[in-house]
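Asker: Below are the sequence and a predicted model for it; my questions follow.
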Amino acid sequence: MYWILGFIGFLVVVTIYDLVQRRHAILRNFPIIGHFRYMLEAVGPELRQYIVTSNDEELPFSRDQRRWVYASAKGQNNYTGFGTDNDLERSPNYLIIKHNTLGRPDDGHHGEGYPLPCAKVLGGHRGRRHAFRPASVVNVSGMSFGSLSSAAVQALNRGAALCGCLHNTGEGGIAPHHLHGGELIWQLGTGYFGARAQDGGFDREECLRKVERHPIKAIEIKLSQGAKPGLGGVLPGEKVTAEISKIRGVPIGETVISPSGHRAFGNVDELLDFVEDLADATGVPIGIKSAVGEIRFWTELADRMATEARGVDYIAIDGGEGGTGAAPFAFSDHVALPFKIGFSRVYSIFAERGVHQHVVWVGSGKLGFPENALMAFCLGVDMIAVGREAMMSIGCIQALRCHTGHCPTGVATQNRWLVRGLDPTDKSARLANYVITVRKELTRLSHACGVEHPGLLTSDHMEILDGQFNSRPLREVFGYQAGWELPSEADAADVLSLMHGR
């Protein structure tokens with residue numbers, strides 16, 4: 001009898017502890033039973049040889065990738081032992097980084113947080129009044145409040161402030177949860193949330209007021225994203241709370257549909273007029289974000305930027321492998337080119353016309369791992385934007401429940417009970433740790449290749465294995481010409497001066 005009471009008392013104590021502690025969202029939301037996940041995770045390596053899936057089989061992110069993000073975010077040992085478990089010789093499309101045989105002297109003075117500024121000044125080429133050099137080449141991608149919880153958005157913004165990176169608002173508007181010290185890129189989608197007129201169009205004056213009142217460093221015009229390109233979003237009426245209604249400028253409880261196209265412009269010429277008007281009025285750099293499908297848009301945009309004074313300040317290319325809270329099966333699986341193909345095609349178009357250095361290039365779509373990020377820099381990106389990897393750093397466990405509103409870790413849900421499990425203070429430190437770790441690894445890999453900064457890498461620094469005992473350099477695979485990927489001499493000199501002045 002006493003042992004039963006003792007056991008019940010033990011469970012009560014554990015339950016109270018789980019509900020009070022703030023480090024583990026799973027335990028706060030699922031006291032007692034949440035411990036089974038951590039037990040299974042602890043013995044996973046020993047049991048894995050008896051389980052069907054290997055470390056590299058799960059998608060969209062493998063067990064190895066998730067483990068690396070979690071360990072990096074917690075400041076734990078993220079190394080692996082006993083060598084690679086990948087079959088290099090029989091793995092097609094496998095990335096190989098070509099290190100410098102003699103290495104490069106490393107003075108060991110990297111500065112706190114491994115600062116890694118962008119090699120270009122955003123808005124500098126077109127003389128925007130508030131042009132600036134981004135302090136971090138690794139930044140948080142667009143994820144809206146509504147898709148993510150208030151606690152998750154707050155954790156991301158606080159974490160961005162801690163590590164000095166930019167935080168993209170996503171197309172859901174600027175929420176109070178975005179205002180915890182992190183500098184913002186305000187994303188304007190087809191719904192113009194936060195600058196939405198009563199008829200659903202763009203409210204220019206409200207846009208100007210928002211820029212004046214908030215820490216907005218740049219505006220991003222979202223044309224499409226990789227996970228649902230060419231498709232407008234839907235926010236179900238039951239998710240349109242009073243808070244979300246106020247932020248987005250939509251009626252409470254009514255389903256909100258973002259159209260597939262913009263009403264403020266309908267072609268490249270009108271887009272450029274829209275961009276220049278916003279840039280003149282606000283002074284901040286203006287960029288566009290898009291997945292890549294048909295190529296005519298990019299050809300016309302590059303042609304106009306090569307012959308006219310108008311142009312965008314940055315271009316963010318999202319791969320078809322990008323993430324979202326919810327999308328139709330066919331759109332997420334089959335619409336839009338993967339990042340490597342889409343980015344290289346667009347970059348080549350601009351490089352052939354000699355205007356690729358007039359733009360800051362941003363890449364997104366599963367680039368939040370050192371080797372993938374390095375590959376993107378070898379292809380010409382100046383910065384990367386991380387989405388799902390940032391979510392994992394603050395607790396996402398890839399439960400694949402984003403579209404249901406029942407995310408067990410409180411990241412991608414509006415359920416108050418689940419959201420309370422996510423402590424923004426603790427998770428913000430984890431986001432900062434993760435971003436700093438990616439910058440650290442990018443710095444170390446760049447040094448291994450014999451260069452000071454990832455922006456100085458070229459497509460000659462990587463090869464791709466074909467699975468048949470052969471390989472091809474990135475330059476050959478994607479048809480790049482020598483020098484396309486490098487910043488201008490002036491930009492390179494400036495960023496190297498900043499690096500040495502740490």
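Answerer: Yes, it's here. Residues are numbered from 1 along each chain as shown.
Asker: switch to C-alpha atoms for all contacts and neighbour counts from now on
Answerer: OK.
Asker: Next up, the contacts around the closest residue to residue 382 other than its chain neighbours.
Answerer: Setting aside the residues directly before and after it, residue 382 is nearest to residue 361 in space (CA to CA, 6 or more residues apart in numbering), at 5.1 Å. With contacts taken as CA atoms under 8 Å, 6 or more residues apart in numbering, residue 361 has the following neighbours: 314, 315, 316, 317, 380, 381, 382, 383.
Asker: just the strands in the stretch 301-450 of the chain please.
Answerer: Ranges of strands within the stretch 301-450 of the chain are 314-318, 360-364, 383-386, based on DSSP state E, counting those that start in this stretch.
Asker: again with the chain
Answerer: The residue ranges that make up the strands of the chain, judged by DSSP state E, are 92-97, 138-140, 166-168, 183-188, 216-222, 234-235, 256-257, 286-290, 314-318, 360-364, 383-386, 462-466, 471-473.
Asker: where in this structure is pLDDT low?
Answerer: Counting by pLDDT under 70, the chain shows low-confidence ranges at 1-2, 5-7, 9-11, 36-57, 105-109, 225-236, 238-239, 322-327, 329, 501-502.
Asker: got the domain boundaries for it?
Answerer: Per the record, the chain has its domains at 2-85, 138-500, by automatic domain parsing.
Asker: and the strands of the chain as TSV, adding distance to residue 305?
Answerer: Written out in TSV, the entries for the strands of the chain read as follows (distance: least, CA to CA, whole Å):
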stretch	distance to residue 305
strand 92-97	33
strand 138-140	26
strand 166-168	25
strand 183-188	22
strand 216-222	17
strand 234-235	34
strand 256-257	32
strand 286-290	13
strand 314-318	12
strand 360-364	14
strand 383-386	21
strand 462-466	30
strand 471-473	30
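Asker: and of those, who's closest to residue 332?
Answerer: Comparing the strands of the chain by their distance to residue 332 (CA to CA), the top pick is strand 314-318, with 12.4 Å.
Asker: now the closest one and strand 216-222, what's the angle there?
Answerer: Angle between the axes of strand 314-318 and strand 216-222 is 50 degrees (criterion: axes from the mean of the first three to the mean of the last three CA atoms, to 10 degrees).
Asker: Can you show me the helices along the stretch 351-500 of the chain?
Answerer: Per DSSP state H, counting those that start in this stretch, the stretch 351-500 of the chain carries helices over the ranges 370-379, 388-393, 416-419, 424-448, 474-478, 489-500.
Asker: For those, give me CSV that also has mean neighbour count and distance to residue 183.
Answerer: Compiled in CSV, these are given as follows (neighbours: other CA atoms under 10 Å; distance: least, CA to CA, whole Å):
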stretch, mean neighbour count, distance to residue 183
helix 370-379, 24, 22
helix 388-393, 24, 16
helix 416-419, 18, 24
helix 424-448, 23, 14
helix 474-478, 17, 34
helix 489-500, 14, 21
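Asker: closest one to residue 163 among the ones you listed?
Answerer: helix 424-448 (5.0 Å).
Asker: Quick one: distance of that closest one to the chain centre.
Answerer: Distance, stretch centre to chain centre, for helix 424-448: 13 Å (CA atoms, centre = their mean, to the nearest Å).
Asker: neighbours around the closest residue to residue 97 other than its chain neighbours, how many?
Answerer: In space, and not counting its chain neighbours, residue 97 is closest to residue 462: 4.7 Å by CA to CA, 6+ apart. For residue 462, the number of neighbouring residues by other CA atoms under 10 Å comes to 22.
Asker: Dig out what the residue nearest to the spatial centre of the chain forms beta bridges with.
Answerer: In the chain, the centroid-proximal residue (CA atoms, centre = their mean) is residue 386; its distance is 1.8 Å. On the basis of DSSP bridges, residue 386 is bridged to residue 140.
Asker: ok, it touching residue 366?
Answerer: Yes - checked against CA atoms under 8 Å, the pair residue 386 and residue 366 is within contact range at 7.3 Å.
Asker: Name all residues that make contact with residue 347.
Answerer: Here residue 347 is in contact with 356, 380 (CA under 8 Å, 6+ apart).
Asker: And it, how close does it get to residue 275?
Answerer: 20 Å (CA to CA, to the nearest Å).
Asker: cool, and residue 440?
Answerer: When distances are taken as CA to CA, residue 440 and residue 275 turn out to be 35 Å apart.
Asker: quick one: the helices in the stretch 51-200 of the chain?
Answerer: So, for the stretch 51-200 of the chain - with DSSP H, counting those that start in this stretch - the helices run 63-73, 150-163.
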